[in-house]
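Asker: predicted structure and sequence below. I'll ask about it afterward.
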Amino acid sequence: NAGVTQTPKFRVLKTGQSMTLLCAQDMNHEYMYWYRQDPGMGLRLIHYSVGEGTTAKGEVPDGYNVSRLKKQNFLLGLESAAPSQTSVYFCASSSASGASYNEQFFGPGTRLTVL
Amino acid sequence: GNSVTQMEGPVTLSEEAFLTINCTYTATGYPSLFWYVQYPGEGLQLLLKATKADDKGSNKGFEATYRKETTSFHLEKGSVQVSDSAVYFCALRPRAGANSKLTFGKGITLSVRP
């Protein structure tokens, strides 16, 4: 049981380049989330999904797109990277019901630098 | 809107010292409250939670009590260890709606020296 995994762990991009971050979970969770973590800012929600085929905007969605084609995967895309998107990105998932309802499980993070 | 306020950091303590990390919140109704911990180089892990007023969450020697009257959820530990060095986040989740999302505080870094 791997929990939540993220690919890649590190990435350096040049301004204007594109990339996709992959999140996978093996807990059959309905909900998935993408956050960014910046010094002094805590975690801010970028986008989230409440089920396969559905996505919604969070607190800071500009410059990002997401897709949830399969229940276990949640992709975060940057179409044209900017230095302001330098951050650590975390994926999380949670169950819609059951004993662990209310608890989000986090991946190890992806450290992205945009030059 | 919902918000979580944590005390300013960082915090540096000696091993076996008493720890208090303050957290207050603003929310309508009765949210669920959480403390998450982030060890160096890792993602966040749930440390403890409380889902209603006067509930006490506890784990690994840490405790926090849901105080509705003071809208607080302060984290305490009687004797910290070097291994407790991490970033601690307070968070809330509104009760209303299945899609309710977590709101995090800014986090506070705890360093425990031997």
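Answerer: Arrived safely, thanks for sending. Numbers count the residues shown, from 1 in each chain, chains lettered A, B, ... in the order given.

Asker: at the geometric centre of chain A, which residue do we find?
Answerer: A:Trp34 (2.7 Å; CA atoms, centre = their mean).

Asker: can you list the residues of chain B near chain A?
Answerer: Neighbours of chain A within chain B, by CB under 8 Å from any CB of the partner chain: B:32, B:34, B:36, B:41-46, B:49, B:51, B:89, B:93, B:98-99, B:101-102, B:104-107. Where C-beta positions appear, they are placed from N, C-alpha and C, glycine not excepted.

Asker: swap in 7 Å and give it another go.
Answerer: Residues of chain B lying near chain A by CB under 7 Å from any CB of the partner chain: B:32, B:42-44, B:46, B:49, B:51, B:89, B:93, B:98-99, B:101-102, B:104-107.

Asker: in PyMOL, select just the buried ones from those.
Answerer: Selection of buried members from the residues of chain B next to chain A for PyMOL, criterion 16 or more other CB atoms under 10 Å in any protein chain shown:
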select buried, chain B and resi 32+43+44+46+49+51+89+93+101+102+104+105+106+107
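
Asker: partner strands of whichever helix or strand B:Leu47 is part of and their direction?
Answerer: In this assignment (DSSP states H and E), B:Leu47 forms part of strand B:44-50. According to DSSP bridges, strand B:44-50 forms sheet pairs with strand B:32-38 (antiparallel).

Asker: and the strand it pairs with, average pLDDT?
Answerer: For strand B:32-38, mean pLDDT is 94.

Asker: from the chain's centre, how far out does it sit?
Answerer: Its chain's C-alpha centre and that of strand B:32-38 lie 5 Å apart, by CA atoms, centre = their mean, to the nearest Å.

Asker: and the contacts of that strand?
Answerer: Strand B:32-38 has contacts (CB atoms under 7 Å, 6 or more residues apart in numbering or on different chains) with A:102, B:25, B:44-51, B:64, B:66, B:73, B:75, B:86-93, B:95.
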